[in-house]
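Need a 3D model of the following:
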Amino acid sequence: MQEATAMEKPLLDPVALAHEIAKEAVRQTAYAPRWVSLKQASAMLGGVDQKTLRKWARAGRIKMRQPSGYHGKLMVSVASIEEFDANAGTRRH
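This is a model prediction of the structure:
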């Protein structure tokens with residue numbers, strides 16, 4: 001009799017499995033870095049020189065930070081790049 005009850009139970013709960021699959025899909029598609037390196041930021045803006053990016057950061061046109069530590073690389077905010085790129089046609093240089 002014990003064998004019959006074991007066979008009736010599904011090995012995997014289909015609802016829980018579907019929930020886990022959906023969570024993984026969201027994790028994979030929703031990930032976007034908030035900060036990128038100078039090299040990546042340069043590529044995102046069509047090959048702008050890294051010195052120009054530093055100048056724009058000093059002028060407040062894009063957000064840049066340096067993580068703590070002696071060899072911390074400069075990082076640029078993706079949101080500020082997207083905002084800058086969207087407003088590039090309306091701004092006067």
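
Count the neighbours of the residue nearest to R34 when sequence neighbours are not counted for me.
In space, and not counting its chain neighbours, R34 is closest to V78: 5.8 Å by Cβ to Cβ, 6 or more residues apart in numbering. C-betas here are computed from N, CA, C, even on glycine. V78: 17 surrounding residues under other Cβ atoms under 10 Å.

which stretches of the chain form helices?
Taking DSSP state H as the test, the helices found in the chain are 2-8, 14-30, 38-44, 50-58, 78-87.

Using CSV, lay out the ones you listed together with mean pLDDT and distance to G72.
Shown next, in CSV, are those (pLDDT from 0 to 100; distance: least, Cβ to Cβ, whole Å):
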stretch, mean pLDDT, distance to G72
helix 2-8, 56, 57
helix 14-30, 73, 27
helix 38-44, 91, 12
helix 50-58, 94, 15
helix 78-87, 86, 18
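
Those helices: which one's closest to P67?
Closest of these to P67 is helix 38-44, at 12.9 Å (criterion: Cβ to Cβ).

Tell me which other helices or strands the closest one touches.
helix 50-58, strand 75-77, helix 78-87 (3 or more Cβ pairs under 8 Å, 6 or more residues apart in numbering; DSSP states H and E).

can you do 7 Å?
helix 50-58 (3 or more Cβ pairs under 7 Å, 6 or more residues apart in numbering; DSSP states H and E).

by how many degrees do the helix it packs on and helix 78-87 diverge?
100 degrees (axes from the mean of the first three to the mean of the last three Cα atoms, to 10 degrees).

All set, thanks.
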